[in-house]
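*Asks:* Sequence plus predicted model, see below.
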Amino acid sequence: NAGVTQTPKFQVLKTGQSMTLQCAQDMNHEYMSWYRQDPGMGLRLIHYSVGAGITDQGEVPNGYNVSRSTTEDFPLRLLSAAPSQTSVYFCASREGQPIYNEQFFGPGTRLTVL
Amino acid sequence: AQSVTQLGSHVSVSEGALVLLRCNYSSSVPPYLFWYVQYPNQGLQLLLKYTSAATLVKGINGFEAEFKKSETSFHLTKPSAHMSDAAEYFCAVSEVTGNQFYFGTGTSLTVIP
């Protein structure tokens, strides 16, 4: 049981490049989410999904796309990276209901956009 | 939208002293409340949560928090700090309905030997 895994751990991009951050969980959790963590800002919700084929926007969705084709995977896409997207990205998952179920977090991806 | 305020971005305590980390939320309806801990270069781990049952909630590693509706607070305490408690602590809130989750800005706890 690996829990929540994220790849890559580190990534450096140039402005305008695109990339996909991978997230996978092996706990059969319905709910998955992406956060970004910035100094002094805490964690902010980017996008979330309540099940395969269902996604919704969080607090800071601009510049990011997501899809959920399987229960296990929830990739985050940056179509045209900007320096403002330099951050640490965390993926999390939990059982769907009730909503106060514990969220399990991945180890994070540290992204730098030059 | 919900919001969470953590007073004090940095807190230092001596080993063996009381730990008190403050969290206030803004909501007219009591939400669900959480405390998470983050050790360096790691993801977040749940310490405890309030789900409208008992107002005094006990968590892992000797931490506890008390929900006070009149003060809209959910402060985290531990009677005696250990060196291993040094970490970043986040208060978080979710609405009773919906799937949005809001974190505070975090409090970095330093434990002085």
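*Replies:* Good, I have the coordinates. Keep in mind the model is a prediction, meaning the values are calculated, not measured.

*Asks:* How many neighbouring residues does B:Leu109 have?
*Replies:* The tally of other residues near B:Leu109 (other CB atoms under 10 Å in any protein chain shown) stands at 21. Bear in mind the C-beta positions are built from the backbone N, C-alpha and C, glycine included.

*Asks:* and the residue of chain B nearest chain A?
*Replies:* Among residues of chain B, the one nearest chain A by CB to the nearest CB turns out to be B:Gly43. It sits 3.4 Å away.

*Asks:* thinking in terms of the whole chain, how far from its middle is stretch B:25-45?
*Replies:* Relative to its parent chain, stretch B:25-45 has a centroid offset of 6 Å by CA atoms, centre = their mean, to the nearest Å.

*Asks:* swap in stretch B:43-51?
*Replies:* 8 Å.

*Asks:* Geometric centre of chain B: which residue is closest?
*Replies:* Within chain B, the residue whose C-alpha comes closest to the C-alpha centroid is B:Trp35; the distance, by CA atoms, centre = their mean, is 3.6 Å.

*Asks:* picking that back up, quick one: residues contacting the closest residue in space to the residue of chain B closest to chain A that isn't next to it in sequence.
*Replies:* On the basis of CB to CB, 6 or more residues apart in numbering or on different chains, the spatially nearest residue to B:Gly43 that is not a chain neighbour turns out to be A:Phe105, at 3.4 Å. Contact analysis of A:Phe105 by CB atoms under 8 Å, 6 or more residues apart in numbering or on different chains lists A:Val4, A:Phe90, A:Cys91, A:Ala92, B:Gly43, B:Leu44, B:Gln45.

*Asks:* quick one on the thing from earlier: what pLDDT does the closest residue to the residue nearest to the centre of chain B other than its chain neighbours get?
*Replies:* Take B:Trp35 and drop its neighbours on the chain: the residue closest to it by CB to CB, 6+ apart is B:Leu47, 4.3 Å away. Per-residue confidence for B:Leu47 comes out at a pLDDT of 96.

*Asks:* which SS class is B:Leu47?
*Replies:* For B:Leu47, the secondary-structure state derived from DSSP: H, G, I helix; E, B strand; the rest coil is strand.

*Asks:* And the pLDDT for residue 3?
*Replies:* Using chain A. What the model reports for A:Gly3 is a pLDDT of 93.

*Asks:* oops, chain B please
*Replies:* 85.

*Asks:* My read is that it contacts B:Cys23, right?
*Replies:* No: taking contact to mean CB atoms under 8 Å, the distance of 11.2 Å between B:Ser3 and B:Cys23 leaves them out of contact.

*Asks:* Compare those two (neighbour count), which wins?
*Replies:* When neighbours are counted by other CB under 10 Å, B:Ser3 and B:Cys23 differ, and B:Cys23 comes out ahead with 24 against 11.
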